[in-house]
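Peer 1: The following block contains a protein sequence and its predicted model.
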Amino acid sequence: MAGLLECHALSKNFDAVAAVVDVNLEVTEGSVHSIIGPNGAGKTTFFNLISGEVPPTAGRVYFKGRDITGLPSHQIPHVGIARCFQRTNIFPKLTVFENVWVAMFSRSNSGALDFIKRVSDFGEIGDKTREIISELGLEEKLTERAETLSHGQQRALEVAIALAGAPTLILLDEPTQGLAPEATQQMTQLIQRLAGRYTILLIEHKMHVVMAISHWISVMHFGQIIAEGGPDEIRQNEAVQKAYLGGRR
Amino acid sequence: MRDRNIFLIVLAFVVIGPFVQPKVIITEMLIFGIVAVANNIMIGYTGMLSFGQAMFFGIGAYVAGLLLKAGMPLIVALPVGTLFVLVLSIAVGYFCVQRTGLYFICITFAFNQMFYFIAYSWTGLTGGEDGLPGIPRPSLLLDPVAFYVFVAVVFLACLVAMKRIVDSPLGLICQTIRENPSRAAAVGYNVKLYKLTAFTIASTFTGLAGTVYAMLYGIVPIDQIHWLKSGDFIFMTLLGGTGNFFGPIMGAVGYIWMSETFSLYWARWPLIMGIVFVVVVLYLRGGIVELIGKVYGSIQRAREAP
Amino acid sequence: MSFLILSQILNGFATGMLYALVGVGLTLVLGVLNLPNFAHGTLFAFGAYFTYTVANLTDSFYLGVLIGPLLVVLIGFVIESQGVRRLYAAHHDYQLLFLFAIALILQETVILIWGPVGFSLLPPKFLAGAVDLGFTVYPKYRLALILFTATIVVALYLMLTRTNVGAILRAGIENREMVKVLGININKVFLFTFGLGAYLAGLAGGLATPIWGLTPTMGFDILPISFVIVVVAGLGSILGAIAAGILIGLAQSLTTIWWPEAANVVIYLIMGLTIILRPQGLFGSR
Amino acid sequence: MISRLSEKLRSLRTMGLSMAGAAALATVMFLPTQSAAEEEVVILGIWPITGPYADMGPLLDRGVEIALEEVGYKVAGKKIKYITRDSETKAGTAARRAQGAIDSEGVKFIIGPWSSGVALAVTEVAKKNKVMYYFSGGTEDITGKRCHKYAFMWAANAWTAMDANLKIFKKFNPDAKSIYLFVVDYAFGWTLQKYVEKLAPKYGLKIAGVDRHPLGHREYSSFITKAMATKPDAVYMINFGLDAISAVRQLYNFGFTPKKPVILSWSAGVEELVQMDPAMRANLQFGTNYYYTVDTPGNKSFVDAYKKKSGGIPPGYAPGAGYGLMKMTLLGMQKANSTDPKKVIQALEGLKGKNFVGDFAINGRNHQTVRPYFVARTKPEDKMANKYDFATIQDISSTEQPRDLNQCQDIGGF
């Protein structure tokens, strides 16, 4: 069975530095697939290659069997891939509603250059926006500026923006980073809730989160995938322990 | 304050203005008000700073002026002039939006200079340094009052149209680009395309204002396409405040009023203008809008205090 | 004809070197400080006026050129430390408004101090008059100017490429964060850069006085040209600014042979072509 | 229900308040200006106070004040209210300020500005508002292609000026064969060039070459090398102000002057000469609409009055023009014994007389002031009686522009 997302020999060099080296990766539809590895292993760069932020030096990316290598970043959402960023990456001066609304509008069939109608005239999009915001527990902050939210709420908003794009695959880059234990747990639960409906590719450092929610784990080290397997396999993998678990914290 | 109330204030200004000041000054305030509001679609909403808007103002004025001189009716001259600017701004904008930040400023500035020198050198067409004279007004608009009403109607129509645009999804998309261009791309928007759209819309309204200006004195002076004029447009916009749709109108009014008033009292009046700008930048980023807000706020507080 | 072309090349170098000085100053400020310095032109004007005043007081043009630009550096320091420093985090629009306001204030100050009427300053005795080069008679001052500015430009280039200070500045152009990370006092770097930019503008102004004279508006005359140089050069490229300055000087004077009216248009043609064919500028990488 | 009503009322009140606020703001900002009282006549001087000709505005204004002081600010039984506006040497701004002053101050007469582009905008405003307009000098369109009933020009006609320049040049350089032209690249420059090309053969002169340069150009080296390659007997300059000064300076740098003469064909005289070092201006011939040593009865009192105000600097073209414009306007009012623009215009048409520049006549057909144009040659430094003793005026008999060259077909009616 072909995976939803397939990377073939994907590489990226920055000048002389090889950030991602010959990565082959397959994400199965409907799974939660985690990528772990020490800082600087090339995980975020790898995400950037998939989401079109930077073009790869070599290799190809296929999504639903279609070659999406080098597609500009603004076309990636339209093939069904949404992304959440490592650093909170929202529109700070816009309201929560507007943050999610634009992402929703982007994927709607309305004319993209529609500047005759008001935002409020798009009733259906507005309703769906509110739905997603409620689902993420932000309904009370609907008309607040995003910059006024707490960090945890901003992370949730980030996920909401991703969901609004009606994706098949969601790329989550350290969704729990910097969150308090309680908020981390909420985020974990949220991801688990989403797991049934979306395919999720996840970068995560907190091992208990990874082990709790992942179906499949790839370990990255110096830009290469050094191990792959289910949570238990990875836990026991020696190479991983040496390269990663042993060396960390 | 709600938009509707502000709109009423603007309306009140348009009606009362010509009774307390020379019509021509209010007329210019309205014409440049269009430009400043349009400019804010770029500066305030999309986060692009163009130092070349005078080229579109001037070209709109030249094209409309030439058509009117050729005997075309108003109904042809103004739309054609505006359309010309629309097409041109797409072409120029295409090159400009490839770059961001300082480079964008430099390129728009440089394009402005290029078109200035074309206008300057192509004397047969534009009159060069002497300006393009003898632009007729349709007989209906010969009377200064009639012309003022015409400009006021154009102004209000532009205002409504631009308000509609910024309240539309496009307006919101522009703001996402201002806030976070890479994120805007990541939710699926072609950032360069939308920047070009904002550039084109702002430039087209600027060009439209130019076509109206051509009829004001019946002449298009060369300084209307000079880079210093582009500077004026930016200052009007920032002076009013970029955080509010209506702010730049106050900027245009305030800027023209200041230059008219200060120049009566001191020969070195640009120095006062400079000081005002410095104060705005260092202490009053929100421009006149912020000033009014602060005054309004302190009045409210004073009223609430026992 | 070939003699004419030779002389025009000489002319092109003389103006081109002045352009290069102004251009390098502007590109440093633009590149390191990421600042649209619309006051650069008026610093050029102040350089000219200070040079004139010092030269008249001391009766020595050389002292004027030595001290005048240094006084401009003081103005630069005041602008940077009292105003610009508070604006690094602000949008370009406010930086631009501020610097333009400074330009207005400075220009009117020139009129307040020196009056609206312009002045002339003759080259020093030693450099007065012209020499016969065989193919043309050429002013000694311009020849000296070419040599002197070439020395300055080379010295500047060496400073920026071979010294620590230069390394820091270039790092600042490439990656501002990196300079901060390296633990360098970024405020000092910015102050120094703004001062250096002001010095180069002032020096160009001072050197230009025997040729272009002094007028209060001279700053606004040179400003557009300096921005064109930066666009053609590529933002932040020092070598590019030098090359673009000379290129534009040459283009201007060579155009005069065949199409004198276009002496100014040609600058913008070059710039237009650059934007279309090589949008990052001749030497730019970004 | 009630709460809704009160909400509505409140929003009405905010609306009312904001409207009132706007009205109040408008009133504060735009204190209503009074228009002219009946016994006053308002004259507007529109001068460059800032911008590239900022040096000229105050001088022009000073000349005007002297003319007004002479009549005690009264004419034809009315008080004179003289107001000024800054043109910034921007045509658009000048048009706005002129129109604004007409609307708010009741201006009936305009004098000024300084440059052609600005004048051509102001003349439109004058025509539209039926306001009399006396232009100092420059573009011949004011009394040519775009003449109209309300516009006059004080300076000599371009033809007259160029003829005088060439005549004097030939007189002092009988062996000269060729001249090289530097021409500022806009309509007025071309006009002067056209006339020089027409007139040169009459004086046995060939045009060795013509270079047009943009207005505001500062770098003349490439033009100079090109000119010198043709070995002309003189460089004949058709440019003004700073452009001319820069070119003179660089011609001197290149060693062209003082070996060979340079002609400033349309010069401001004193205002330009003071900006030049004595060495630079050796062997200069300049033509101007006013030079302070002209020997007429009216001139001496003007120069004395001016020197008192200027700290001893004699007046050049700019103060002369300011004085002359106001004198002519006042003369019209005196002759008409009225301050009605139409009557004043009628009184001026065809008027002949003598004033501080000499014999003058106003051509009724195109409103050109026919008057002498002065050509002077600089004195060597050791011959100067004082530091403002720049030059000696040569023969000043001037010829009027031939009728067939004038483009004012029909000046129209009121």
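Peer 2: Happy to help now that I have it.

Peer 1: which residues sit in contact with residue C:205?
Peer 2: Applying C-beta atoms under 8 Å, 6 or more residues apart in numbering or on different chains to residue C:205 gives the contacts C:43-49, C:51, C:68-69, C:72, C:218. To be clear about C-beta, it is placed using only N, CA and C from the backbone, and glycine gets the same treatment.

Peer 1: Single out whichever of these has the smallest pLDDT.
Peer 2: The lowest pLDDT within those belongs to residue C:218, with 92.

Peer 1: ok, that one - contacts?
Peer 2: C:41, C:44-45, C:48, C:205, C:212, D:218.

Peer 1: list the buried ones in the helix or strand containing residue D:194?
Peer 2: Element membership of residue D:194 [criterion: DSSP states H and E] is helix D:187-199. Residues of helix D:187-199 classed as buried: D:187-193, D:195-196, D:199 (neighbour count, 16 or more other C-beta atoms under 10 Å in any protein chain shown).

Peer 1: which of those residues sit farthest apart?
Peer 2: Across these, the longest distance by C-beta to C-beta is 18.8 Å; it joins D:187 and D:199.

Peer 1: Okay, helices next: where are they in chain B?
Peer 2: B:3-20, B:23-40, B:53-69, B:74-96, B:101-121, B:123-126, B:144-167, B:169-179, B:181-186, B:191-216, B:227-240, B:247-265, B:269-283, B:287-304 (DSSP state H).

Peer 1: lowest-confidence helix or strand of chain A?
Peer 2: helix A:238-240 (a mean of 76; mean pLDDT, DSSP states H and E).

Peer 1: Which residues does it contact?
Peer 2: A:219, A:226-227, A:234.

Peer 1: At which residues are the helices of the chain located?
Peer 2: Just so you know, I chose chain A. Using DSSP H, helices in chain A cover A:43-50, A:76-79, A:96-107, A:123-135, A:151-164, A:181-195, A:207-213, A:231-236, A:238-240.

Peer 1: um, chain C though
Peer 2: C:2-33, C:40-58, C:61-82, C:92-114, C:140-162, C:164-174, C:176-181, C:186-212, C:218-233, C:238-258, C:265-277.

Peer 1: Pipe the ones you listed into CSV and attach distance to residue D:389 per row.
Peer 2: Conversion of the helices of chain C to CSV gives the following (distance: least, C-beta to C-beta, whole Å):
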stretch, distance to residue D:389
helix C:2-33, 35
helix C:40-58, 22
helix C:61-82, 27
helix C:92-114, 24
helix C:140-162, 29
helix C:164-174, 54
helix C:176-181, 61
helix C:186-212, 26
helix C:218-233, 29
helix C:238-258, 37
helix C:265-277, 42
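
Peer 1: rank these by mean pLDDT and give me the bottom one.
Peer 2: Among the helices of chain C, helix C:176-181 scores lowest, with a mean of 72.

Peer 1: Return the residues of chain A in contact with chain B.
Peer 2: Near chain B, the residues belonging to chain A are A:51, A:53, A:72-78, A:82-83, A:85, A:89-94, A:98, A:101-103, A:105-107, A:110, A:112-120, A:122, A:161, A:164-165 when assessed by C-beta under 8 Å from any C-beta of the partner chain.
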